[in-house]
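Novice: next comes the sequence, and after it the predicted model I'd like to discuss.
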Amino acid sequence: MKILRLLSVSLTLWCVAETTLIGNEPAADSLPAGQTAPVSTTLNVRDFGALGDGVHDDAPAFRLVLEELSRIAGAKTLLIPSGTYLLMPEKGASGNAAHLLIADQHDLTVSGAPGTLLIMGSAFHSGVIVNKCQNVRLESFAVDYLPLPFTQGTIIGTTPGSHTFTVRLDPGFPRSTDPQITSGSDTKNIAYLYDPKTGLKLDQFYDQYLNKIETLKNDEVLLTSHGPIEPAFTGNKVVIVGRRKADAVVFSSSTRCTASHITVYSSPALGFGLRSSDFITVDSCTITQRPGSGRLMSTNADGIHVKWGTHGPTILNCHLTGMGDDSVNIGGTYQYIYAQPDDHTLIVDRHGSLTPGKNIRLVRNLTGAVVSLPSCTTVRGLTYEDHPAMRLTFAGALPAIERTVATAGADGADLVINYDQVAANPVIRGNFFGSHRERGVLVQAPGVLIEDNHFENLLGPAIRIGHHYGGRTEGPNGTGCIIRNNTFINIRRSVICVLDDGPPRDCTLPQLSIENIEITGNHFSLFGQPSAHGAGTPGNVIWIDNAKHVLISDNSIGDPYPGTPDVSLITINQAADVTISGTILEGKSAKRSDWLNITSRAEKTSIHVR
């Protein structure tokens, strides 16, 4: 039987290679004399043993067909017929391993037929990883995790004094003793509250970062939290996530790859993780709760998280909802400075993005000022006071570093960043982002274009440019961002927030570190519902801080949410060279004479209102 199957596969390979054309290439008899049509190879995963029954582990069949495809030159397709394919990671695979690894492939399309679903059988591992590939396209399949990496239930009681509340888990969802919920040193347990009628997250309550989960009787669990517990919790729904570093779809160290019409129903962390990759396109993809499942959430963390890489992604026509964090987060990584042995050398926290010849810059922690440095000539790994570190040697003299880990602590030390690895100039166009936790787009990379998107039902800010609260951990700060022709509905806090929250707010050495921002042609309505936390202010539409060279033009502002505080609709705080023109106030906002607040911290002579 095995011999017959192999013979069938060989025959399929020969026939397809002889007869299949790429796309709409002309037939051979219509080509000019002496030319032959390029061929494309298509292999069907069912021919390699996959059953698609949702019970049998089909991962070995996928590994076999990918191994075969890696030996074939030219364009090729891995075809996945309709079905449910259970994939298990290889036995003994490390935590960063994949259920389906596509590595060192070129010119490959992985294409599902209508109704194709890939079930990832371990919440401790990433789903599909595309690693060190060029021109790989994923299209037309869905990804889900079973066992589910979160559980949910109804809050049946609270004890505010002891920071505890009791939850009855819903039938069919994981139990608190299931390993994907609580086990593992990298597991982060957070509880989010939801309205039982609308299914929307209740942002008037703090997210609950959990210290302990105790199993009681009758499917009840007792949760102990860091945060404040309120009697009003009772009767609301709650999701308890087991968040860890495992993502549904990953592009790593890859170039010119595409995810098209991919749906993600759940993930232990990110929906799409883009790392050290260039020119990635995410087109017409969806993140949402699986239909008919009764789930309140989709992924445990961001929808699309972009880190490192020279050229940022293009994100088009996607629909992202239900996530446990931002829709899109784009940035790089800062590494703090341990010491400066001499004027040509720095000892810094170890990171793979720091290599010789790259555009490594100094960032002053207090002010956000970015300082160009001479060329880095050598990088050597070492241990510094029991910490993994790197010695960077530069071709010329460096400025003095006064704020090192030794003098200011890790949170206050000056930093370095490789500006060649910050995913610059991404395009985010024509998407829906809404009804999930936290922000729509967090911009920590230069040259981002955010255009023609729809943002709805978010804590806010819908768009955040600059370092978010918590200091300088990701960056740089979003200089050169264009926010154009977007629609914002029901965003609780400052809808667009340009703010460097890295330094202490009482910093006496202000630096206008975010530059060249354009906010034009956007529409805002139903903003300003109360919220327990988040950056910005309920009722505020645009907040500008730590910025210069800002254009705010031709935006329309409609009715706020009923009962919204009468705060300024546009606030210009620590800023210079700001032009505000063509603002259209509609509905109740049209009655506001105090819609603009230019504070005493602004450079008022350079603020122009037209």
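Specialist: Yes, it's here.
Novice: which residue ranges of the stretch 401-550 of the chain form helices?
Specialist: Using DSSP state H, counting those that start in this stretch, the helices assigned to the stretch 401-550 of the chain run over residues 405-412.
Novice: quick one, strands of it?
Specialist: Taking DSSP state E, counting those that start in this stretch as the test, the strands found in the stretch 401-550 of the chain are 415-418, 427-429, 432-434, 441-443, 449-451, 454-458, 463-465, 482-484, 487-491, 496-498, 514-520, 523-525, 542-544, 547-553.
Novice: from Q529, how far off is I482?
Specialist: According to Cβ to Cβ, to the nearest Å, I482 and Q529 sit 28 Å apart. Every residue, glycine included, has its C-beta placed from N, CA and C.
Novice: again with T520
Specialist: To Q529, T520 is 26 Å away according to Cβ to Cβ.
Novice: neighbour-wise, which of the two wins?
Specialist: Set T520 next to Q529 and count neighbours by other Cβ atoms under 10 Å: Q529 wins out with 21 against 17.
Novice: ok, that one touching Y561?
Specialist: Yes - using Cβ atoms under 8 Å, Q529 is in contact with Y561, at 4.8 Å.
Novice: nearest to A248, out of the strands of the stretch 401-550 of the chain?
Specialist: Among the strands of the stretch 401-550 of the chain, the nearest to A248 by Cβ to Cβ is strand 432-434 (17.3 Å).
Novice: now for the closest one, which elements pack on it?
Specialist: Other elements packing on strand 432-434 under the criterion 3 or more Cβ pairs under 8 Å, 6 or more residues apart in numbering; DSSP states H and E are strand 319-321, strand 454-458.
Novice: pull out the buried positions in the top strand by length along the chain.
Specialist: Counting residues, the longest strand found in the chain (DSSP state E) is strand 134-145. For strand 134-145, the neighbour count (16 or more other Cβ atoms under 10 Å) marks N135, V136, R137, L138, E139, S140, F141, A142, V143, D144, Y145 as buried.
Novice: and the last one, how far is that from A61?
Specialist: Spatial separation of Y145 from A61 under the definition Cβ to Cβ is 20 Å.
Novice: next: the first one.
Specialist: As defined by Cβ to Cβ, N135 lies at a distance of 24 Å from A61.
Novice: before we move on, what about the fourth one?
Specialist: Plainly put, L138 is 17 Å away from A61 if you go by Cβ to Cβ.
Novice: and the residue nearest the centre of the chain, what pLDDT?
Specialist: What sits nearest the mean C-alpha location of the chain, by Cα atoms, centre = their mean, is H305, with 2.3 Å. What the model reports as pLDDT for H305 is 97.
Novice: touching, it and S277? I think so.
Specialist: No - in this structure H305 lies outside contact range of S277 using Cβ under 8 Å: 11.9 Å.
Novice: quick revisit: and the strand or helix carrying the residue nearest to the centre of the chain, how far from the chain's centre?
Specialist: Assigned by DSSP states H and E, H305 falls within strand 304-307. Mean-position distance between strand 304-307 and its chain equals 4 Å (Cα atoms, centre = their mean, to the nearest Å).
Novice: partner strands of it and their direction?
Specialist: strand 272-275 (parallel), strand 328-331 (parallel) (DSSP bridges).
Novice: mind giving me the packing neighbours of the helix or strand immediately after that strand in the chain?
Specialist: Using DSSP H and E, the helix or strand that follows strand 304-307 towards the C-terminus is strand 314-316. In terms of contacts (3+ Cβ pairs under 8 Å, 6+ apart), strand 314-316 is packed against strand 281-283, strand 427-429.
Novice: sheet partners, orientation included, of the first one?
Specialist: Think strand 281-283. In the sheet, strand 281-283 lines up against strand 258-264 (parallel), strand 314-316 (parallel) (DSSP bridges).
Novice: how about those strands, which one is nearest T198?
Specialist: From those, taking Cβ to Cβ, the stretch that ends up closest is strand 258-264, at 22.6 Å.
Novice: outside of the closest one itself, list whatever touches it.
Specialist: 136-144, 248-249, 251, 271-272, 280-288, 298-299 (Cβ atoms under 8 Å, 6 or more residues apart in numbering).
Novice: same thing but 7 Å
Specialist: Strand 258-264 is contacted from outside by 137-143, 248-249, 271-272, 281-287, 298-299, using Cβ atoms under 7 Å, 6 or more residues apart in numbering.
Novice: and if you look at stretch 43-51?
Specialist: Residues from elsewhere that reach stretch 43-51 (Cβ under 7 Å, 6+ apart): 8-9, 12, 52, 58, 60-62, 64-65, 68-69, 78-81, 85.
Novice: quick revisit: please identify the buried residues of the strand holding H305?
Specialist: Across strand 304-307, burial judged by 16+ other Cβ under 10 Å covers I304, H305, V306, K307.
Novice: now that strand - C-alpha only, CSV.
Specialist: Taking Å, rounded to 0.1, in the frame of the first residue of the first chain, the C-alpha atoms of strand 304-307 are listed here in CSV:
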residue,chain,number,x,y,z
ILE,A,304,-1.0,42.4,14.2
HIS,A,305,2.4,43.1,16.0
VAL,A,306,5.3,44.3,13.9
LYS,A,307,8.8,44.3,15.2
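Novice: would you list every one of the helices in the stretch 151-300 of the chain?
Specialist: 179-182.
Novice: can you give me the strands for it?
Specialist: 164-169, 188-194, 208-215, 220-225, 237-243, 249-252, 258-264, 272-275, 281-283, 286-287.
Novice: who does the shortest one pair up with?
Specialist: Pairing partners of strand 286-287, with direction, according to DSSP bridges: strand 258-264 (parallel), strand 319-321 (parallel).
Novice: show residues contacting that strand.
Specialist: T263, V264, G271, S298, T299, G303, C318, H319, L320, T321, G322, M323.
Novice: same question, the first one
Specialist: Residues from elsewhere that reach strand 164-169 (Cβ under 7 Å, 6+ apart): 151, 153-158, 175, 219-224, 229, 233, 238.
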